[in-house]
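Asker: mind looking at a prediction? Sequence and model below.
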Amino acid sequence: MDWNTKYFQRIANSHRRSNCIDKLKIESVITEGKDRTKVKILDFYQKSHTERENKRPLTWFDNLATNKNQDNIDLESAFEEEV
């Protein structure tokens, strides 16, 4: 291993050690510990990306027009080219 590779490995490892969340403060409650912090972060994003209300429009298909029997037969029959 040459000097440059060893240097960059040390830098990467030091960044990896410092890129972690030791404490997390949510609404004036401090959470410590890797597992608890992970659970709080996961809970936060699940709550923020979950629909709380049904905002989607409802659709009813009661009074739609339907095909007549002959139309259904024509639609399901084999294709024949007119000559």
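Answerer: Received the coordinates, thanks.
Asker: can you show me the helices along this protein?
Answerer: In the chain, the helices defined using DSSP state H lie at 3-18, 34-48, 69-76.
Asker: what about the most centrally placed residue in the chain, distance to Glu32?
Answerer: Residue closest to the average C-alpha location in the chain (CA atoms, centre = their mean): His49, at 8.1 Å. His49 sits 25 Å away from Glu32, going by CB to CB, to the nearest Å. To be clear about C-beta, it is placed using only N, CA and C from the backbone, and glycine gets the same treatment.
Asker: again, but for Asn4
Answerer: From Asn4 to Glu32 the distance is 38 Å (CB to CB).
Asker: closest to Glu82 out of the helices of the chain?
Answerer: Minimum separation from Glu82 across those (CB to CB) falls at helix 69-76, 13.8 Å.
Asker: pLDDT below threshold where in this protein?
Answerer: 1-2 (pLDDT under 70).
Asker: what's stretch 39-59 in contact with?
Answerer: Ile21, Leu24, Ile26, Thr31 (CB atoms under 8 Å, 6 or more residues apart in numbering).
Asker: please report phi then psi for the residue nearest to the centre of the chain.
Answerer: His49 adopts backbone torsions of phi -110, psi 20, taken as degrees, to the nearest 10.
Asker: ok, it to Ser28 distance?
Answerer: Distance of His49 to Ser28, given as CB to CB: 24 Å.
Asker: cool, Asn69 as well?
Answerer: Taken as CB to CB, the span from Asn69 to Ser28 is 70 Å.
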